[in-house]
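>>> just the structure for this:
(one chain, ligands or ions: 1)
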Amino acid sequence: MPLVSMKEILEDAKKRQYAVGCFNAVNLDMTRGVLEAASELKAPVILCHAEVHFKYTPIEKLAPVLVNEARLADVPVALLLDHGKSFSAVMKAMHLGFNAVMYDGSDLPYDQNVKNTREVVKIARVLGVDVEAELGHVVRPKSAGADGDEDDSVAGDESYYTQPDQALEFVSNTGVDALAVAFGTAHGVYLKKPVLDLDRLNKIRQTVDVPLVMHGGSGLDATDFRNSIANGITKVNYYTGMAKYAAEHMKEKLNADNGILLYHNIMMESILAIKENVMQAMDLFGCAGKA
Ligand SMILES: [Zn+2]
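Numbers count the residues shown, from 1 in each chain. The predicted structure is shown next:
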């Protein structure tokens, strides 16, 4: 089916109080794993490619694959640029057929974040593309395996958390369709066990009316996910957990295999591992059966 707008997908999630999974795919195999999981569970899904992953697969090479796979899917799929930090990445994604972009100015001063986000929204509106932005900052520590460049001490630092009043001002000044918020999660593998500020999340939910997004969920336990969704999260970005799961699965498979191993065996195993892990995530997020 044609791409479905992220806004539409998230509005249903908000209304029915579940969260939609947003999964990064860096190649066809990951894309197939994610979409096979969505199809099997009848779950709406958001496929994404992050600017930080362009070094693994340039967006020019991957976009046609993602667009085509999304159209072949029998469940609603939105296609999002994840963490677009440069204007050029955001423009390229829109040009290459993504129907949603995340502009991430969360490490800029507030006024600059507002200004840049507004500019992206202005262009996106003309093209019918939905926009996610980030206020507060979900950290990306150096040692966490998520291509981060921040000092490890940023993990758990509350000065990065989203402030509810500022979130309201930000959303009305920019016109974004979804907002990524910081309340204790971090990108990559957790360096220390996170403590989620659910009161803050709930306050933001009561203050702003756009769908709220959680980044950095890999490594949270099931209760953390359920609590976050109950307190207003309607989109969960998920990558490190599945990337790690698939890599561990391959290590086991490669060690256990005494016969002839060919590249396509690895490929099929990786699709299967991604699918398994994404299905677990979808069950947890509550989006299974919602398509
Ligand atoms: Zn993220």
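
>>> got a pLDDT number for N258?
Reading off the per-residue confidence, N258 sits at a pLDDT of 67.

>>> likewise the one 4 residues further on?
L262 is assigned a pLDDT of 86 by the prediction.

>>> tally of neighbours for it?
8 (other C-beta atoms under 10 Å). To be clear about C-beta, it is placed using only N, CA and C from the backbone, and glycine gets the same treatment.

>>> now do it against the ion, distance only.
35 Å (C-beta to the ion, to the nearest Å).

>>> any chance you could list what contacts stretch 187-198?
Residues outside stretch 187-198 that contact it (C-beta atoms under 8 Å, 6 or more residues apart in numbering) are 138-141, 143-146, 148, 152, 155-156, 158, 161, 183-186, 215-216, 218-220, 224, 227-228, 231, 240, 244.

>>> cool, stretch 264-282 as well?
Stretch 264-282 is contacted from outside by 21, 23, 29-30, 32-34, 36-38, 40-41, 43, 45, 236, 238, 241-242, 245-246, 249-250, 253-254, 257, 288, using C-beta under 8 Å, 6+ apart.

>>> which residues of the stretch 51-200 of the chain fall in helices?
Counting by DSSP state H, counting those that start in this stretch, the stretch 51-200 of the chain has these helices, from start to end: 59-72, 87-95, 110-127, 164-174, 198-207.

>>> out of those, which is closest to K14?
helix 198-207 (9.5 Å; C-beta to C-beta).

>>> so D149 sits right up against V139, yeah?
No - D149 sits out of contact with V139 when judged by C-beta atoms under 8 Å, with a separation of 10.6 Å.

>>> more neighbours, these two?
The neighbour count for D149 versus V139, taken as other C-beta under 10 Å, is higher for V139 (27 against 9).

>>> what does the stretch 151-291 of the chain have sitting close to the ion?
By C-beta under 5 Å from the ion, the part of the stretch 151-291 of the chain that sits against the ion consists of 215, 237.

>>> mind checking the longest strand of this protein?
Counting by DSSP state E, the longest strand found in the chain is strand 77-84.

>>> quick check, distance from that one to the centre of its chain.
Using C-alpha atoms, centre = their mean, to the nearest Å, we find the averaged C-alpha position of strand 77-84 to lie 8 Å away from the chain's own average C-alpha position.

>>> can you tell if it touches the ion?
No - in this structure, strand 77-84 remains apart from the ion according to C-beta under 5 Å from the ion; the gap is never smaller than 5.5 Å.

>>> dump that strand to PDB, restricted to CA.
C-alpha atoms of strand 77-84 as PDB (Å, rounded to 0.1, in the frame of the first residue of the first chain):
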ATOM      1  CA  VAL A  77       4.200   2.100   7.000                       C
ATOM      2  CA  ALA A  78       5.600   5.600   7.400                       C
ATOM      3  CA  LEU A  79       9.200   6.400   6.300                       C
ATOM      4  CA  LEU A  80      11.100   8.800   8.600                       C
ATOM      5  CA  LEU A  81      14.500  10.400   8.400                       C
ATOM      6  CA  ASP A  82      15.900   9.800  12.000                       C
ATOM      7  CA  HIS A  83      18.000  12.500  13.700                       C
ATOM      8  CA  GLY A  84      18.400  14.800  10.700                       C
END
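
>>> name the helices or strands packed onto that strand?
Here strand 77-84 is seen to pack against helix 6-16, strand 20-24, strand 45-50, helix 59-72, helix 87-95, strand 100-103 when contacts are counted using 3 or more C-beta pairs under 8 Å, 6 or more residues apart in numbering; DSSP states H and E.
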